[in-house]
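what would the 3D arrangement of this be:
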Amino acid sequence: PERLLCLTFTKAAAAEMANRITSTLKQWAIESDEGLSNLLKDLQGYIPSDEKVKTARALFVKVLETPGGLKIMTLHSFCQSVLKRFPIEAGITPHFKIIEDSDVKILLNEAYQKLIHTLKSDKNIDYLDVFKSFDYLMKNTPENDFDSMIESIINGREHFIELLSKYKTKNGIISELRKKIFNTFPFAIDSFIDDEVAFKTNVLSHIPDGFIDELKRLFLLDNGKTSAKKLDIISAFLSSDNVENKFDIYKTLLLNADNSIPKDCILNKKSILANPSFVDDISRESERLFQSISFINSVKVFKATSAVLDFGLTLNHIYDNLKKKRGVMDFTDLITTVKKLFDRENISSWILYKLDGGISHILIDEAQDTSPIQWKIVDKLTEEFFTTGSTEKNVKSLFSVGDRKQSIFSFQGANIKLFEEYKQHF
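The predicted structure follows:
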């Protein structure tokens with residue numbers, strides 16, 4: 001029994017499992033040979049040998065005599081036990097304390113107030129970038145959504161830690177973000193990312209020669225209301241000297257109200273017959289304008305995400321310093337610190353060997369609610385399973401169960417897709 005590790009999501013679930021197992025084994029210990037044989041047959045699907053019946057009857061006493069009892073616990077409890085065993089290797093104080101969620105909220109609020117106070121003071125040169133990010137969020141977030149956004153940043157600190165672990169620095173994260181957002185845009189140069197007006201000016205300067213004049217000529221061939229509206233738009237476009245206004249007018253000329261490309265040509269049949277090849281010109285220009293607007297929206301996403309990252313990483317840094325001063329850790333720290341410990345090349349193999357020496361079977365309950373970083377810990381724990389494999393005397397196994405319909409912890413980072421991905425991985 002001491003070689004079995006069962007990981008579940010809540011302490012209540014862990015206690016329920018332990019109680020069920022104890023109750024079942026207790027029944028086995030006092031059952032008649034025939035009764036126990038029938039119970040094992042129902043469980044396994046075949047008639048057990050006398051030796052198997054004898055082994056099953058002795059399990060209750062074996063469990064009672066197991067040092068520390070059965071290892072049925074939450075992943076957080078398991079990580080806590082690892083850190084208690086290897087505090088020096090993890091770089092933490094050996095006598096750390098775990099703070100509950102209520103204390104976490106108090107400490108996070110203290111970190112938030114400290115950051116806001118620093119940003120408001122005159123001595124915030126070191127926080128100039130963060131000040132700009134906070135100012136951007138203040139100006140571009142609806143007032144009713146601002147508090148919930150800050151709460152999301154606070155609750156998402158596991159994601160910030162994971163990003164830092166992967167990309168090392170804030171600049172490394174933002175550089176990768178820039179690549180992912182702008183790699184499909186051929187015109188995503190820094191000057192355009194930093195200056196929306198300059199980009200819009202560039203878009204307008206590349207309108208094909210004679211394009212507006214030809215549109216005007218073709219609309220004049222028709223006396224309909226739609227063509228009349230388009231002619232008014234062209235007139236407003238030609239008379240405008242403001243780049244922002246001119247760009248917005250141009251959008252209404254070629255695109256729908258939601259900035260999508262119209263399914264049908266903006267010209268009527270009579271106008272199309274007057275210049276059939278011009279339909280392709282309109283299509284190409286509409287696509288170019290659509291891509292330009294997509295770029296502008298992507299810039300907004302990039303700036304907002306960068307601001308959230310900047311503010312969130314700084315807040316997390318202040319929060320971490322407050323915890324270190326008090327010698328405490330929160331539940332997120334348990335997971336991330338063990339993940340870092342397992343990722344250390346010079347020490348992780350020894351620690352995993354020490355742990356694997358006492359674990360042969362891992363069972364994961366409620367796997368649909370396991371977050372990416374938690375799956376990585378499980379992956380590390382089972383690494384030796386697949387390296388050394390099972391032997392006749394030491395059979396190793398991994399068992400995982402979950403129900404995608406019951407996944408309710410996405411707000412804590414759970415990703416149901418990973419359930420299938422890790423199934424294939426293992």
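
C-alpha from now on. contacts and neighbour counts both.
Will do.

quick one, strands of the protein?
Per DSSP state E, the chain carries strands over the ranges 4-8, 71-74, 97-98, 328-329, 361-364, 397-400.

partner strands of the fifth one, with direction?
Spelled out, that is strand 361-364. According to DSSP bridges, strand 361-364 forms sheet pairs with strand 4-8 (parallel), strand 397-400 (parallel).

centre of the chain to it, how far?
Chain-centre distance of strand 361-364: 25 Å, with C-alpha atoms, centre = their mean, to the nearest Å.

same question for stretch 218-234.
Between the centre of stretch 218-234 and the centre of its host chain there is 49 Å, according to C-alpha atoms, centre = their mean.

which parts of that stretch are buried?
Using 16 or more other C-alpha atoms under 10 Å as the test for burial, stretch 218-234 gives 218, 219, 222, 227, 230, 231, 233, 234.

equivalent analysis for stretch 274-287, please.
Under the neighbour-count rule (16+ other C-alpha under 10 Å), stretch 274-287 has 278, 282, 283, 285, 286, 287 buried.

what's stretch 328-339 in contact with?
Applying C-alpha atoms under 8 Å, 6 or more residues apart in numbering, the contact partners of stretch 328-339 are 75-76, 79-80, 82-83, 90, 96-101, 104, 158, 161-162, 323, 373-374, 376-377.

looking at those, which are in helices?
Judged by DSSP state H, those include 75-76, 79-80, 82-83, 90, 101, 104, 158, 161-162, 323, 373-374, 376-377 as members of helices.

ok, of those residues, which come out buried?
Judged by 16+ other C-alpha under 10 Å, buried ones among the ones in helices among the contacts of stretch 328-339: 75-76, 79-80, 82-83, 90, 104, 158, 161-162, 323, 373-374, 376-377.

any idea which of those residues the model trusts least?
Checked by pLDDT, these have residue 158 as the lowest-scoring entry (77).

which stretch among the strands of the chain comes nearest residue 197?
Closest approach to residue 197 among the strands of the chain (C-alpha to C-alpha): strand 328-329, 47.1 Å.

can you list the strands that that closest one pairs with?
When sheet partners are counted by DSSP bridges, strand 328-329 sits next to strand 97-98 (parallel).

redo the buried residues of stretch 274-287 as TSV? Include pLDDT and distance to residue 249.
Listed next are the buried residues of stretch 274-287 as TSV, based on pLDDT from 0 to 100; distance: C-alpha to C-alpha, whole Å:
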residue	pLDDT	distance to residue 249
278	97	21
282	98	16
283	97	18
285	98	15
286	98	13
287	97	16
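
quick one: the helix or strand bottoming out on mean pLDDT in the chain to chain centroid distance?
Least confident helix or strand, the chain: helix 383-388 with a mean of 76, by mean pLDDT, DSSP states H and E. In terms of C-alpha atoms, centre = their mean, the centre of helix 383-388 is set 28 Å apart from its chain centre.

list the buried residues of it.
By neighbour count with 16+ other C-alpha under 10 Å, helix 383-388 contains the buried residues 383, 384, 385.

which strands or helices does that helix pack on?
For helix 383-388, the helices and strands in contact under the criterion 3 or more C-alpha pairs under 8 Å, 6 or more residues apart in numbering; DSSP states H and E are helix 348-356.

list of residues touching the helix it packs on?
With contact meaning C-alpha under 8 Å, 6+ apart, helix 348-356 is reached by 341, 342, 380, 381, 384.

closest to residue 21 out of those residues?
Ranked by distance to residue 21 (C-alpha to C-alpha), those are led by residue 381 at 23.9 Å.

from residue 115, how far off is that closest one?
38 Å (C-alpha to C-alpha, to the nearest Å).

the two: which is more packed in?
residue 115 (21 against 18; other C-alpha atoms under 10 Å).

list the contacts for the closest residue to the more buried one other than its chain neighbours?
For residue 115, ignoring the flanking residues on the chain, the nearest one in space by C-alpha to C-alpha, 6 or more residues apart in numbering is residue 315 at 6.7 Å. Residue 315 makes contact with 111, 112, 115, according to C-alpha under 8 Å, 6+ apart.

could you do residue 111 as well?
Applying C-alpha under 8 Å, 6+ apart, the residues near residue 111 are 315, 318, 319, 322.
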